[in-house]
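Q: got a sequence here, can you build the structure:
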Amino acid sequence: MKLTLLGTGNTSMLPVYGCDCQACQRAIENSQYRRQKTSALIEHNGKQLLLDANCDDLLQRFPSGSIDRILLTHYHMDHVHGLFDLRWGVGESIPVDGPPDEQGCDDLFKHSGLLDFQTPLAAFEAFTWQDITITPLPMQHSKICFGYCFSYRDLKTGNTKRLAYLTDTIGLPKDTQVWLENRSIDILLIDCNHSPEFNNPNRNHNNLDDAVEIVTAIKPKVTRLIHISHQLECWAMQNPNYFSSEFCLGMDNETFDLGD
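A: Numbering: from 1, shown residues only. Presented below is the predicted three-dimensional model:
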């Protein structure tokens, strides 16, 4: 099982349009620091599962027939806008799973086209895809949102490895945190939109202190921060010693392998 971060930025991406901050200037000058909106790709057994559908080049990057399933965290536009173009394609339908949000986004449910929306997932009720156990985990956000834990038994070692993908959220609901604390998490991909000084009580995303609190409780082996703003990127550039190989900002196109 391999997960690739297709994007690690927030809805503004990086560089931010019109911004001349340190982080945006670096991204303009060096493409490796550019960030698309947060989403991911899981590959296993020759199949591909999209985790959210918001790549600007989604239709070009994934030719017809290459997307086997789509798993949505929530129905905010910056996580599903690729579906609005994809739905008008032709060929076999694509199953789409997501949280129990009756409103969805705009008219996606009414005019689904190529998209085959499945019965909504339920919190903590695991299902399988290509021998991977996927457990929906409630997040705390302004719209119904699920994170997901992907569990896979490594055929070489016989050990079960777990990757938790947790975006968008501000902190974690108690039952979600307890569920994660009671399991060994190998890789944690966690929402961290804001730098630590951003403490607006009405925010819908973690700042760095929130993310650290979650990491301290869950104790994953490796953590990557996702849903990153240019403000957090600037803070990280000014405080490089705060981070390590086990805890740092994720990068677009970074990959994680949980075994064959």
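Q: residue ranges for the strands of the chain, please.
A: 2-7, 39-44, 47-51, 69-71, 94-97, 115-117, 127-129, 132-138, 146-153, 160-166, 187-191, 222-226, 247-249, 255-257 (DSSP state E).
Q: tell me what angle the third one forms with strand 132-138.
A: I take that to be strand 47-51. If you take axes from the mean of the first three to the mean of the last three CA atoms, to 10 degrees, strand 47-51 sits at 10 degrees to strand 132-138.
Q: buried sites along strand 47-51?
A: 48-51 (16 or more other CB atoms under 10 Å). From N, CA and C alone the C-beta is placed, and that goes for glycine too.
Q: now swap in the fifth one and tell me
A: When neighbours are counted by 16+ other CB under 10 Å, the buried residues of strand 94-97 are found to be 94, 96-97.
Q: now that strand, how far from the centre of its chain.
A: 17 Å (CA atoms, centre = their mean, to the nearest Å).
Q: now that strand: mean pLDDT?
A: Summarised as a single mean, pLDDT over strand 94-97 is 98.
Q: next one: Ile134 from Thr169, what distance?
A: According to CB to CB, to the nearest Å, Ile134 and Thr169 sit 18 Å apart.
Q: coming back round to it: pick the most buried one from the strands of the chain.
A: Most buried of the strands of the chain by mean neighbour count (mean count of other CB atoms under 10 Å) is strand 187-191; its value is a mean of 26.
Q: which strands and helices sit next to that strand?
A: Counting contacts by 3 or more CB pairs under 8 Å, 6 or more residues apart in numbering; DSSP states H and E, strand 187-191 packs against strand 160-166, helix 208-218, strand 222-226.
Q: who's in contact with the last one?
A: Contacts to strand 222-226, defined as CB atoms under 8 Å, 6 or more residues apart in numbering, come from residues 5, 8, 38, 167, 186-192, 208, 211, 215, 232, 246-250, 254, 256.
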